[in-house]
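Chemist: 3D model of this:
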Amino acid sequence: MDPIEMLLLRISQPTKRFLRLMQLQQKVIRSENLGNLTREVWRLTNWIKPATVPVMKAAEAFDELVKRLRSDQSNKEAWNELRSFLQETFNEKNRAQREYDRVAKACLNAEQERRLLEDRCSKSAAELEGELNKLRSKNRSQAQEIAGLKNAMTSMEDLLAERFSQLQSMMATLLSHTETMMSGLMSVQAAVEEEVAKQASTRM
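Modeler: Presented below is the predicted three-dimensional model:
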């Protein structure tokens, strides 16, 4: 293969990597909302996009220079211009590669963070479910205790009402007996007074 064509092939490779990088970034950004990391990816994407423009233009200019060199191999000005374009292209490629690696690392960290958050959420959900079950069990026990206390209070109220009714009946009976005894005592007192009066009149 002609050396110039080999250089042209080497130039086209970074361009393909840039396109792949852009596709990867769009895929990551569309996947899901990752908060600050997504905004970081957007920032890197906006920075890298302008960096790809001179590379694409350099590739186009490189094609033109190759045509000029093929027509005139002694054209030193075109050769120097070609070397300048190559240097600029490689510099842009290296800078874009660093940003590509940075974005790839950020995407990897984002994925790890997402999995970590999912694990934490799963554990938290399980812990909350366990606490909720404990509270439900405790509430059932307390409800049973409250129901038992209500039944005991109802039974106590019924017993007190029954005892109060019995007490009222006993008091009524005692009052009746007291009235009967008082009536008897008054009759005895009247008989005694009458007897005393008779004896006094007899003595006189």
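Chemist: Work out for me the element residue 127 sits within.
Modeler: According to DSSP states H and E, residue 127 maps onto helix 76-203.
Chemist: For that helix, name the packing helices and strands.
Modeler: helix 3-31, helix 36-71 (3 or more CB pairs under 8 Å, 6 or more residues apart in numbering; DSSP states H and E). C-beta: built from backbone N, CA, C; applies to glycine.
Chemist: could you measure residue 145 against residue 201, distance?
Modeler: 82 Å (CB to CB, to the nearest Å).
Chemist: Could you do residue 116 as well?
Modeler: From residue 116 across to residue 201, the span is 124 Å (CB to CB).
Chemist: likewise residue 172?
Modeler: 44 Å.
Chemist: One more: residue 95?
Modeler: Distance of residue 95 to residue 201, computed by CB to CB: 152 Å.
Chemist: picking up where we left off before, what's the mean pLDDT across the helix holding residue 127?
Modeler: Across helix 76-203, pLDDT averages out at 81.
Chemist: quick one on the thing from earlier: the more surrounded of residue 95 and residue 201?
Modeler: Using other CB atoms under 10 Å, the more surrounded residue of residue 95 and residue 201 is residue 95, with 14 against 8.
Chemist: What is the neighbour count of residue 84?
Modeler: When counting by other CB under 10 Å, one arrives at 13 neighbours for residue 84.
Chemist: Count the neighbours of residue 152 for me.
Modeler: Neighbours of residue 152 (other CB under 10 Å): 10.
Chemist: no, scratch that, I was asking about residue 104
Modeler: Neighbourhood size, residue 104 [other CB under 10 Å]: 14.
Chemist: any idea how far it lies from residue 147?
Modeler: 64 Å.
Chemist: Also residue 186?
Modeler: From residue 186 to residue 147 the distance is 58 Å (CB to CB).
Chemist: swap in residue 158?
Modeler: 17 Å.
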